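Asks: Make a model of this:
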Amino acid sequence: MAEKELQDRLVRVDAVLGNVADPEWQTIVADGEVDLLVLDQWEAQKSRLRRTTRGGVEIALSLERGVQLRDGDVLVRDGDGTVVVARIDLKDVMAIDLSGLRDTAPEVLMQTCLELGHALGNQHWPAVVKGTTVYVPLTVDEAVMGSVMRTHAFEGIEYEFRPGAEVIPYLAPHEARRLFGAAAREGEGHTHAPSV
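Replies: As a prediction, the model looks like this:
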């Protein structure tokens, strides 16, 4: 079907066809025309939504529960080589590494983790814990988040900022919704300035 035909109707998407990172899709995409369905991090967590691509194609997304879109997912391929690809704008996350606390006395470990939880909660920052790493979405500027961490000077804890796209493959769907969905909503909400 020609791109004009795609633009003239609603296209229902029930499944992801593949991802442009896969070699077979790289060839297909290189030989065809790409239209992007751009989603923010909150929208990308939804299995049902209706949006229009940059090229004007109206997409009705209706994925199975638990299926989560990834950046580069191919949603539509027409007979003329046009493909609709999901472009997901995930914000960075702060990754707090707790592995330096492993050999710490249990009392110190509990105290440090409670103080970290209090500091994050006081800022109203959502968090997801995976193993010995706590992921916190950027709801404010990196400099502000770094200032909060430096102000508390947690011993045995290191942190860095990572692209959300690096983190999301390791998260269960409910964790990704908590981390990225909450960040999209929190960015519009309440935060405290760090005490310096």
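
Asks: contacting residues around the lengthiest helix in the chain?
Replies: Identified as the longest helix of the chain according to DSSP state H is helix 106-122. With C-beta atoms under 8 Å, 6 or more residues apart in numbering as the contact definition, helix 106-122 has outside contacts at 96, 98, 101, 104, 127, 134, 136, 148-149, 152, 154-157, 192. In short, each C-beta sits where N, CA and C put it, glycine included.

Asks: Next: stretch 129-137.
Replies: 41, 91, 93-99, 101-102, 116, 120, 125-128, 145, 164, 167, 170-171, 175, 179-180, 182-183, 186.

Asks: which among these end up buried?
Replies: Among these, those classed as buried by neighbour count (16 or more other C-beta atoms under 10 Å) are 41, 91, 93-96, 98, 101, 116, 120, 125-128, 145, 164, 167, 171, 175, 179-180, 182-183, 186.

Asks: And Leu36, how close does it get to His124?
Replies: Taking C-beta to C-beta, to the nearest Å as the measure, Leu36 falls 33 Å from His124.

Asks: mind checking the end-to-end distance for stretch 126-133?
Replies: Between the opening and closing residues of stretch 126-133 there is a gap of 14 Å (C-alpha to C-alpha, to the nearest Å).

Asks: again, but for stretch 10-23
Replies: The separation between the terminal residues of stretch 10-23, taken as C-alpha to C-alpha, is 29 Å.

Asks: Okay, helices next: where are they in the chain?
Replies: Chain-ordered helices for the chain, with DSSP H as the definition, fall at 3-7, 23-31, 106-122, 142-152, 164-167, 173-176, 182-186.

Asks: So what touches the second one?
Replies: In this structure, residues lying in contact with helix 23-31 by C-beta under 8 Å, 6+ apart are 17-20, 74, 77, 81, 83, 85.

Asks: Mind splitting this protein into its structural domains?
Replies: With automatic domain parsing as the criterion, the domains of the chain are listed as 3-89, 93-186.

Asks: Could you provide these in a markdown table, with additional columns for mean pLDDT?
Replies: Shown next, in a markdown table, are the domains of the chain (pLDDT from 0 to 100):
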| stretch | mean pLDDT |
| --- | --- |
| domain 3-89 | 84 |
| domain 93-186 | 86 |
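
Asks: follow-up on the earlier one: identify the farthest-apart pair in the contacts of helix 106-122.
Replies: By the measure C-beta to C-beta, the contacts of helix 106-122 have their two most distant members at Thr104 and His192, which lie 27.9 Å apart.
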